[in-house]
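The following comprises the amino acid sequence and a computationally predicted model.
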Amino acid sequence: MNLMQHPELLDRLASNYALGTLRGGARRRFEAMAREQAPVRAAALIWQSRLASLNELQPQAQPSGAVWTRIDNLVQGEKQSAAQQAVRAQAATVSAAPPGLGGWLRSLTVWRTATAAGAFATIAAVSVGIGMREELGGEIARLQTQLQSAPQIEYVAVLADDKSAASMLVTFDPKAKKLTLQRVGAYQEAGDRSLQLWALPPSGGPKSLGVLGSDKLLRLTAGESDVREVPTLAISLEPKGGVPSETGPTGPVLFKGALIQKML
């Protein structure tokens, strides 16, 4: 398929690819087309750049405590390897000793060298291990705290206008009960108007999830019950301060899009 003949589909695929919701064979086919068609590749890069700023909102990725254990083991392995090489070098030297003296000298020297090397490796490993733990103990504790407080994003939606131009990225962290909205388009409402976010459930009327401010990054409080099994989110243009949820949207619906629950 030539995606350039279907710009809406291209934009939708590129956004899903950048969000990570395009999976399996569909993702592989999109990547193959991106390698062969520059416009497809450009669409993916545009969406990736739009979403890149989200990384700045999240804590840095943190390794588990097992990572530091593996680092410690690698250091100990290198020390032991160096000690073994020293033993082999000493053994090679002794093997060249004169006849008669060689056997006794070889036995004595090898055992002394091995004992010294083993002691050196043990001391080095213990010293390195203690030093690393003392130095990294505070860092590990800090990273574990960050891991516990990191957002657990389970829902994501890209809200677009009637021309499929994306204008708002929405993510939801049920653990923190936070909806995060980021403007990715150029739309800006007038000073006497407000944007209002709505959940559009399969049955019943729209439910307001909150009124948006004019900032590029917005956060609203919501429970998982507010978005669970909600297939679509929408944003309407309302009078300043929004309208009651019971009345539903009174102004035009500017943006809408499917709410996707991510596979964890």
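Right, received. Where do you want to start?

Next up, the contacts around residue 208.
Taking C-beta atoms under 8 Å, 6 or more residues apart in numbering, we find residue 208 in contact with 196-199, 242-245. Bear in mind the C-beta positions are built from the backbone N, C-alpha and C, glycine included.

Quick check: closest non-adjacent residue to residue 179.
Spatial nearest neighbour of residue 179, chain neighbours left out: residue 220 (4.3 Å); criterion: C-beta to C-beta, 6 or more residues apart in numbering.

got a list of contacts for the one helix or strand the one you found maps to?
Residue 220 belongs to strand 217-221 when assigned by DSSP states H and E. Strand 217-221 has contacts (C-beta under 8 Å, 6+ apart) with 57, 177-183, 197, 209-210, 212.

if you set the cut-off to 7 Å instead, what comes out?
Under the contact criterion C-beta atoms under 7 Å, 6 or more residues apart in numbering, strand 217-221 has outside partners 177-182, 197, 209-210, 212.

for residue 75, helix, strand, or coil?
Three-state assignment for residue 75 (DSSP: H, G, I helix; E, B strand; the rest coil): helix.

and it, how far is that from residue 221?
47 Å (C-beta to C-beta, to the nearest Å).

Comparing these two, which residue is more hemmed in?
Comparing residue 75 with residue 221 by other C-beta atoms under 10 Å, the one with more neighbours is residue 75, at 16 against 11.

could you measure that one against residue 67, distance?
According to C-beta to C-beta, residue 75 and residue 67 sit 13 Å apart.

Strands along the protein, start to end?
Along the chain, counting by DSSP state E, strands occupy 155-160, 166-173, 178-183, 193-200, 207-212, 217-221, 232-239, 253-261.

which strands and helices sit next to the second one?
Contacting strand 166-173 under the criterion 3 or more C-beta pairs under 7 Å, 6 or more residues apart in numbering; DSSP states H and E are the following elements: strand 155-160, strand 178-183.

got the angle for that strand vs strand 178-183?
Put simply, strand 166-173 runs at 160 degrees to strand 178-183, going by axes from the mean of the first three to the mean of the last three C-alpha atoms, to 10 degrees.

which sections of the stretch 101-250 of the chain are below the confidence cut-off?
101-152 (pLDDT under 70).

give me that answer again for 50
101-111, 114, 123, 126, 128-130, 132, 136, 139-140, 143-144, 146-150 (pLDDT under 50).

List the buried residues for stretch 166-182?
Across stretch 166-182, burial judged by 16 or more other C-beta atoms under 10 Å covers 166-174, 179-182.

Output that stretch in CSV, but only the C-alpha positions, please.
Below are the C-alpha coordinates for stretch 166-182, written out as CSV (Å, rounded to 0.1, in the frame of the first residue of the first chain):
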residue,chain,number,x,y,z
ALA,A,166,-3.3,15.6,16.3
SER,A,167,-3.7,18.3,18.9
MET,A,168,-3.7,16.7,22.4
LEU,A,169,-1.9,13.7,23.9
VAL,A,170,-3.6,12.3,26.9
THR,A,171,-2.2,9.7,29.3
PHE,A,172,-3.7,8.3,32.5
ASP,A,173,-1.9,7.0,35.6
PRO,A,174,-4.5,5.1,37.7
LYS,A,175,-2.1,4.7,40.6
ALA,A,176,-1.7,8.4,41.0
LYS,A,177,-5.2,9.1,39.7
LYS,A,178,-3.8,11.7,37.3
LEU,A,179,-4.7,12.5,33.7
THR,A,180,-1.9,14.3,31.9
LEU,A,181,-2.6,16.3,28.8
GLN,A,182,0.0,17.8,26.5
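
which residue ranges form the helices in this protein?
In the chain, the segments counted as helices under DSSP state H are 7-19, 24-36, 38-52, 65-95, 101-149, 224-227.

and residue 164, how many neighbours?
Neighbour count of residue 164, defined by other C-beta under 10 Å: 15.

List the contacts of it.
Residues near residue 164 by C-beta under 7 Å, 6+ apart: 8, 11-12.
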